[in-house]
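>>> My questions are about this predicted structure, shown below with the sequence.
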Amino acid sequence: MILVIGATGKTGSQTVKHLLARGAPVRAFVRNPEKAAPLKEQGAELFVGDIADETAVAKALDGIESVMLTLPNGPNQLEWELGVIKQAEAAGVKHLTYMSSTESNADNPRRIPQVHVKAVEAIEASSLGWTILRPNFFMQAIFGFAASVKANDSFTFPAGDGTATMCDARDIGEVAAIILTGDGHIGKTYDLTGPDILSMHDVARLLTETLGRTIAYVPMSLDDFGAYLGKFLKSE
């Protein structure tokens, strides 16, 4: 039995889908059973619980041989990930696959990359068999620009002129499923990329070609972008 933690997320849901397609038994750790209903319909066993609840995590790990750990970025992410790692080790899990990112290294001082760095350090120091996945920018993040593109024919993002080999979450989920059901992946780290190196200027160009009207990319500083996101957080 394979436990997917973060099963309703972009990569988690795709991992579940591809695991089931490969005939693997899947337990999906979810908080909202209504949101997870499509996973149940596909054949996954749902475990409803809170990742912050150690008792719930321990119960979810009962009878589990492999774990896929992919949590959304947030203030408690590292605490929860370290808890899962510790409990997976105690439960005798044989293989843990962890979702990191290509930007996560010791020289990157930003908080989210450092969360991944610390989690990977804990995984490597454990007795678990492990595999680390390090994708780049998710193509699905482009959908976040939709409202701005529709209203203003433009979108903003703090990427400057930088480039990325963007990944599709569907492909990442398939890679995770192959790793979780195959051999030869223990102790390995895989950097995942898409086929093209793209800047946000390229994204604007592709949107322009697809939509048939000019779409502009407006670069934004990290500070301004943080303030922009903060407006939405305050409104919730």
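Here it is on my side, so go on.
>>> give me every residue that touches residue 87.
By C-beta atoms under 8 Å, 6 or more residues apart in numbering, the contact list for residue 87 reads 54, 57-58, 61. Quick note: C-beta positions are derived from backbone N, CA and C, even for glycine.
>>> so it, which of the three states?
helix (DSSP: H, G, I helix; E, B strand; the rest coil).
>>> Just the pLDDT for it.
According to the prediction, residue 87 has pLDDT 96.
>>> Relative to residue 64, how far out is the nearest residue to it once chain neighbours are set aside?
Of all residues not flanking residue 87 in the chain, residue 57 sits nearest, at 5.2 Å (C-beta to C-beta, 6 or more residues apart in numbering). Remark: distance between residue 57 and residue 64 (C-beta to C-beta, to the nearest Å) = 11 Å.
>>> low-scoring stretches of the protein, by residue?
228-236 (pLDDT under 70).
>>> Which parts of it are helices?
10-21, 37-42, 54-60, 77-90, 111-125, 146-152, 169-181, 200-211, 222-235 (DSSP state H).
>>> Does anything pack onto the second one? Which helices or strands?
Applying 3 or more C-beta pairs under 8 Å, 6 or more residues apart in numbering; DSSP states H and E, one finds that helix 37-42 contacts helix 10-21, strand 26-30.
>>> what about the ones you listed, which gets the closest to residue 136?
Closest approach to residue 136 among these is made by helix 10-21 (12.7 Å; C-beta to C-beta).
>>> And that closest one, how far out from the chain middle?
Relative to its chain's centre, helix 10-21 lies at 12 Å (C-alpha atoms, centre = their mean, to the nearest Å).
>>> Other residues contacting it?
2, 4-7, 26, 28, 38-39, 42-44, 68, 70, 99, 135, 138, 140, 169-170, 172-174, 176-178, 180-181.
>>> got the angle between it and helix 169-181?
Computed by axes from the mean of the first three to the mean of the last three C-alpha atoms, to 10 degrees, the angle separating helix 10-21 from helix 169-181 equals 50 degrees.
>>> quick one: buried residues of helix 10-21?
10-20 (16 or more other C-beta atoms under 10 Å).
>>> One more: stretch 184-194?
Within stretch 184-194, the residues scored as buried using 16+ other C-beta under 10 Å are 185, 192-194.
>>> now stretch 87-105
So, applying 16+ other C-beta under 10 Å, buried residues of stretch 87-105: 87-89, 91, 93, 95-102, 104.
>>> you'd agree residue 190 is up against residue 102?
No: if you go by C-beta atoms under 8 Å, residue 190 and residue 102 don't touch, sitting 10.2 Å apart.
>>> From what I see, residue 64 and residue 93 are in contact.
Yes: counting by C-beta under 8 Å, residue 93 is a contact partner of residue 64 at 5.8 Å.
>>> The closest residue to residue 25 other than its chain neighbours and residue 212, how far apart?
Of all residues not flanking residue 25 in the chain, residue 1 sits nearest, at 4.9 Å (C-beta to C-beta, 6+ apart). In this view, residue 1 and residue 212 are 49 Å apart by C-beta to C-beta.
>>> now residue 146
Going from residue 146 to residue 212 by C-beta to C-beta gives 16 Å.
>>> Okay, buried residues for the longest strand along the chain please.
Taking DSSP state E as the criterion, the chain has its longest strand at strand 129-135. Across strand 129-135, burial judged by 16+ other C-beta under 10 Å covers 130-135.
>>> May I have the strands that pair with that strand, each with its orientation?
strand 95-99 (parallel), strand 188-192 (parallel) (DSSP bridges).
>>> what distance separates that strand from the middle of the whole chain?
Counting by C-alpha atoms, centre = their mean, strand 129-135 comes out at 12 Å from the chain centroid.
>>> pull the CA atoms of it into PDB?
Listed next in PDB are the C-alpha coordinates belonging to strand 129-135 (Å, rounded to 0.1, in the frame of the first residue of the first chain):
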ATOM      1  CA  GLY A 129      14.900   4.500   1.800                       C
ATOM      2  CA  TRP A 130      14.300   7.700  -0.100                       C
ATOM      3  CA  THR A 131      14.000   9.400  -3.500                       C
ATOM      4  CA  ILE A 132      14.000  13.200  -4.000                       C
ATOM      5  CA  LEU A 133      12.100  14.900  -6.800                       C
ATOM      6  CA  ARG A 134      13.200  18.400  -7.800                       C
ATOM      7  CA  PRO A 135      10.900  19.900 -10.400                       C
END
